[in-house]
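[1] below are the sequence and a predicted model for it; my questions follow.
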Amino acid sequence: MNKNTPVKHIGKSFLIVLLGLLAALSTLTIAMYIPGFHEMAAHFKVDESKIAFTLTSYFIGITIGQLIYGPIIDHFGRRKPLIISLLVYILTSVLCSVADSLDMMITVRFLQALGASAGMVSALAIITDVFEPHQRAKAFSLVMTVLGVAPVVSPTLGSFFVAAYNWEAVFYALTGYGMILAFLIFFFLPETIKYQSTEKLDIKGVLNNYAAVVKNKTFSLYAVGGSLANSIIFTFVAASPAVFMGHYKIPPKQFALLYGITTIGAMAGNYLNGILVKKIHYQKMMMIGSVCLLVLTIVFGVAAWLMNDFPVEMLIVALFLILLSVGLIYPNTVTSALSPFKELSGSASAMNGSLMMGMSALLTAVVGAFDSAAPITMFAIMFVAGLLVFIFLQIAKRFG
């Protein structure tokens, strides 16, 4: 093992903001082009619901990409692989803007995800490098709070570019964001890993590391539970255009506003969690959030089923509270899942992120397969995920 210079000269407040912006790259890439779904469907001559498959391919790409980058950042450090991945992201973002068919768009979105996938893995690993164990839950929540701004502003930004220019302009804007991140990381982010392996990076060693991570019951149970919880956000992301603009006939600009109001729930949950974990143990806070999530999906799901005309105002309140509950769960499951690891923190972070994106890919594919704009369909998917979250976290609790 080679010992690097420990991180001493980086301001932790600046680091949190930078990591939040880095982690937000994926969320911006997911949500910013959503207001352009209608134009994209017309451009590619497909049904609007089929555009959801460009989300699915992205989630598949980021699932695989995180598994690739995890061992790489453990072996080569955080900084260099991150810069290279951002260059891949910049190139593929340009390619997205010139896609001339849905199949091409689905393929390039997969490649774009490979470029974006190092962001979340590196952010989680850097927190593990820099912060002491008792500080990580708060640090994760703060990063998630910064990250939470992305889904709030991204549809509004996307609507602006779509209205002023076209859907392709969204991907040029994402190209610019990737370039800014590459600049900031190149000039301002030092290497944070304290020990780097001098051994050759080989597939067998990588698989052994992942096997060690997955065999840890604490990691597996909390990671699956947290991944299911966070995938509820992306269920909303995939279903919301059809629900708001298809079922309720809300125009794109108004949709962006309602989408932003709703997603503030996730940001509020992360921020509230960062405050509450100072007084309430983060695992207890996680359990409270899982109960709230389950109850809310049942109550509003039943209401949507019984009411012929489910009010859009009630839908916004329901989604706000459901996403707020997710914000009370996910940062704490990440803290719990990564707690057994230090040297393998990159691999553990990658596996955690990969599971989360894999779950999101599955649920967005379910949204696309149902081909339904009714609110009850979205609530039904969220209920099943919420029930599984509750079960997995209850089992994890028994293992301590």
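    Yep, that arrived. Numbering: from 1, shown residues only.

[2] which stretches of this structure form strands?
    2-3, 195-196 (DSSP state E).

[3] in the chain, where is pLDDT below threshold?
    1-10, 147-148, 151-152, 195-200, 342-343, 371, 400 (pLDDT under 70).

[4] most distant residue from the middle of it?
    Centroid-distance maximum for the chain: residue 308 at 33.0 Å, with C-alpha atoms, centre = their mean.

[5] need phi/psi at that one.
    Dihedral pair for residue 308: phi -70, psi -40, per degrees, to the nearest 10.

[6] any idea how far it is from residue 216?
    From residue 308 across to residue 216, the span is 49 Å (C-beta to C-beta, to the nearest Å). Placement of C-beta: from N, CA and C, glycine included.

[7] again, but for residue 175
    On the measure of C-beta to C-beta, residue 175 and residue 216 end up 39 Å apart.

[8] for residue 150, same thing?
    30 Å.

[9] the two: which is more packed in?
    Each of residue 150 and residue 216 has its neighbours counted (other C-beta atoms under 10 Å); residue 150 has more, 24 against 19.

[10] just checking, that one touches residue 29?
    No - using C-beta atoms under 8 Å, residue 150 is not in contact with residue 29; the gap is 9.3 Å.

[11] the stretch 301-400 of the chain: helices as residue ranges?
    With DSSP state H, counting those that start in this stretch as the criterion, the stretch 301-400 of the chain has helices at 312-338, 345-370, 375-398.

[12] closest one to residue 19 among those?
    helix 345-370 (11.9 Å; C-beta to C-beta).

[13] can you list the buried residues in the closest one?
    345-368, 370 (16 or more other C-beta atoms under 10 Å).

[14] any idea how far stretch 205-218 is from the chain center?
    Computed by C-alpha atoms, centre = their mean, to the nearest Å, the chain-centroid distance of stretch 205-218 equals 22 Å.

[15] now that stretch: buried residues?
    Neighbour count says stretch 205-218 has 206, 209, 210, 213, 216, 218 buried, by 16+ other C-beta under 10 Å.

[16] now tell me what touches that stretch from outside.
    Identification of contacts with stretch 205-218 by C-beta atoms under 8 Å, 6 or more residues apart in numbering yields 67, 70-71, 74, 199, 219-220, 336-337, 339-341, 344, 347-348, 351, 396, 399-400.

[17] same thing with stretch 249-265?
    Everything outside stretch 249-265 that qualifies as a contact, by C-beta under 8 Å, 6+ apart, is 31, 34-35, 38, 148, 151-153, 155-156, 158-159, 162-163, 233, 236, 240-241, 244-245, 312, 316, 319-324, 327.

[18] out of everything not next to it in sequence, what's closest to residue 120?
    Leaving out its chain neighbours, the residue that sits closest to residue 120 by C-beta to C-beta, 6 or more residues apart in numbering is residue 353, at 4.8 Å.

[19] if I pick that neighbour, what's in contact with it?
    62, 66, 117, 120, 121, 124.

[20] burial of the fourth one, as a residue count?
    The local packing of residue 120 (other C-beta under 10 Å) involves 29 other residues.

[21] can you tell me which residues contact it?
    22, 23, 26, 62, 66, 349, 353.

[22] residue 134: which of those is nearest?
    The nearest one, if we look at the contacts of residue 120 relative to residue 134 and count by C-beta to C-beta, is residue 349, at 18.5 Å.
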